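Asks: Predicted model and sequence follow; I will ask about them next.
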Amino acid sequence: MHFMRAALLALCMALFILPAWSGAATPNPHSANTRLAAALATQRFVAYVPRGFSMLNGVPQPATAAGIRDDLQRLRPYFSGIVTYGLDHGQALIPELAVNAGFHALMLGVWNPKDTAELDQAIALARRYPRQVIALILGNEGLFWKRYQARDIETAAAYVRKRLPRLALGSSEPFSVYLDSADAGVLLKLDLLLPNVHPRFEPWFKPDNLEQATTFVTEVLQRLHTVTTKPVLIKETGVPSGPAEQGFTEQRQADFWTRLLARIPSGPTQSIAGFEAFDAPWKPRELQDEFGHLEASEAYWGLFRQDGSAKPALKAFGTWTGHALPTPR
């Protein structure tokens, strides 16, 4: 796998120095698309919500700088890129602390693309950290859960592009929304796709059938490549590590990631984010209150346990350095 990654890195970096065969001008190494391709090929991303953040009876409990700093120190040996979900409740501290911790690439999530204040905050952070912030993610599963509409994403994208025309934009939804919904056209106009692909929630899924689960993710990625030439970062996938009574174990989680990372190498047009950074014991109760169904496995998606200790799945990723991206001009 290290040889394949090295080859992909060489291919991506060639975009920076080699002219096109047709004689066209050399691609601008500082453009949004070229920087995005370089980041996907050379960085390893993880989807991150701070351990210190939680919901208690519907009330957000904010993350702290000290807690985020500790989280990032644990993540950095394995990951060089961060994908976030929003900027409220202490999460706006993540970019500065991530840069200080040595992360090279940040995709900043905007939880509510209808919130101009949150968009302005994301824009300000992208301007403050132009080398590291490579994309803004305008919402997470809000179309699927009907928290906002496709026109809200279009409006948000236009708002950001007017202020940061060279920054890549995307939005994250379950993979089916990109393929089989009336909203797909809006999503495919953005600069990258950030699908969530969860075998866990398919009717055929069984915890011990990891071959079928990883084949499913691979085939979804292949289908996405047939509907767009835009790059794809699978933002969420995996299997939880518990509870044991449902057939989930930490070893099965590790085996899933070992199989999947071997089948889908990172490159300029595709990559997979580790999902997610840490277990979240508060999720099952809060999701039950919101959706009326208790799903205990929602507490166990982390690659690290809630106490910050590493799970076996991290061996599938191994250590990762990455390198600094060029500053856009």
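Replies: Yep, it's here.

Asks: Quick check, Asn140 in contact with Trp111.
Replies: Yes. Asn140 lies in contact with Trp111 (CB atoms under 8 Å); the separation is 6.5 Å. C-beta coordinates here come from the backbone N, C-alpha and C atoms, glycine included.

Asks: Neighbour count: these two, which is higher?
Replies: Asn140 (26 against 19; other CB atoms under 10 Å).

Asks: What does the closest residue in space to Pro195 that isn't next to it in sequence show for phi and psi?
Replies: Excluding the flanking residues, the one nearest Pro195 by CB to CB, 6 or more residues apart in numbering is Phe175, at 4.0 Å. Backbone torsions for Phe175, taken as degrees, to the nearest 10, come to phi -50, psi -30.

Asks: what's the answer for the one 5 residues further on, then?
Replies: With angles defined as degrees, to the nearest 10, Asp180 sits at phi -130, psi 40.

Asks: So what's the residue count around it?
Replies: Asp180 has 8 nearby residues by other CB under 10 Å.

Asks: That one and Phe275: what is the separation?
Replies: Asp180 is 22 Å from Phe275, where distance means CB to CB, to the nearest Å.

Asks: quick revisit: any chance you could list residues touching both of Asn140 and Trp111?
Replies: 85-86 (CB atoms under 8 Å, 6 or more residues apart in numbering).

Asks: so which strand or helix has Ala156?
Replies: Using DSSP states H and E, Ala156 maps to helix 150-163.

Asks: Can you name the residues in contact with that helix?
Replies: Outside helix 150-163, the residues touching it (CB under 8 Å, 6+ apart) are 110, 113-114, 116, 119, 122-123, 136, 138-139, 142-143, 167, 169, 171, 182-183, 186-187, 189-190.

Asks: For stretch 49-66, the averaged confidence score.
Replies: For stretch 49-66, mean pLDDT is 95.

Asks: re earlier: among the contacts of helix 150-163, name the ones in helices.
Replies: Using DSSP state H, the members of these that fall in helices are 116, 119, 122-123, 186-187.

Asks: Which residue ranges of the stretch 151-300 of the chain form strands?
Replies: Along the stretch 151-300 of the chain, the segments classed as strands by DSSP state E, counting those that start in this stretch run 168-172, 192-193, 232-234, 270-272.

Asks: rewinding a little: which entries within the ones in helices among the contacts of helix 150-163 meet the buried criterion?
Replies: 119, 122-123, 186-187 (16 or more other CB atoms under 10 Å).

Asks: Ser80 - nearest residue in space that isn't next to it in sequence?
Replies: Gly322 is the one closest to Ser80 (CB to CB, 6+ apart), at 2.9 Å.

Asks: List the contacts of that neighbour.
Replies: 42-44, 80-81, 104-105.

Asks: hmm, try it at 10 Å
Replies: 9, 39, 42-45, 76, 79-81, 102-105 (CB atoms under 10 Å, 6 or more residues apart in numbering).

Asks: Tell me the buried residues within those residues.
Replies: With neighbours counted by 16+ other CB under 10 Å, these contain buried members at 9, 39, 42-45, 76, 79-81, 103-105.

Asks: Could you work out the end-to-end span of stretch 305-319 for me?
Replies: Taking CA to CA, to the nearest Å, stretch 305-319 runs 18 Å from one end to the other.

Asks: Please spell out which residues along that stretch are buried.
Replies: Buried residues in stretch 305-319 (16+ other CB under 10 Å): 305, 308, 311-314, 316-317.

Asks: could I get those as TSV with secondary structure?
Replies: As requested, those are exported to TSV (DSSP: H, G, I helix; E, B strand; the rest coil):
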residue	secondary structure
Arg305	coil
Gly308	coil
Lys311	coil
Pro312	coil
Ala313	coil
Leu314	helix
Ala316	helix
Phe317	helix
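
Asks: Can you convert those into TSV and add a column each for pLDDT and distance to Ala296?
Replies: Below are the buried residues of stretch 305-319 laid out as TSV (pLDDT from 0 to 100; distance: CB to CB, whole Å):
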residue	pLDDT	distance to Ala296
Arg305	98	15
Gly308	98	21
Lys311	98	17
Pro312	98	20
Ala313	98	19
Leu314	98	23
Ala316	97	24
Phe317	97	25
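
Asks: Could you identify the most distant pair in those?
Replies: Largest separation among those by CB to CB: Gly308 and Ala316, giving 18.9 Å.

Asks: Lovely, talk soon.
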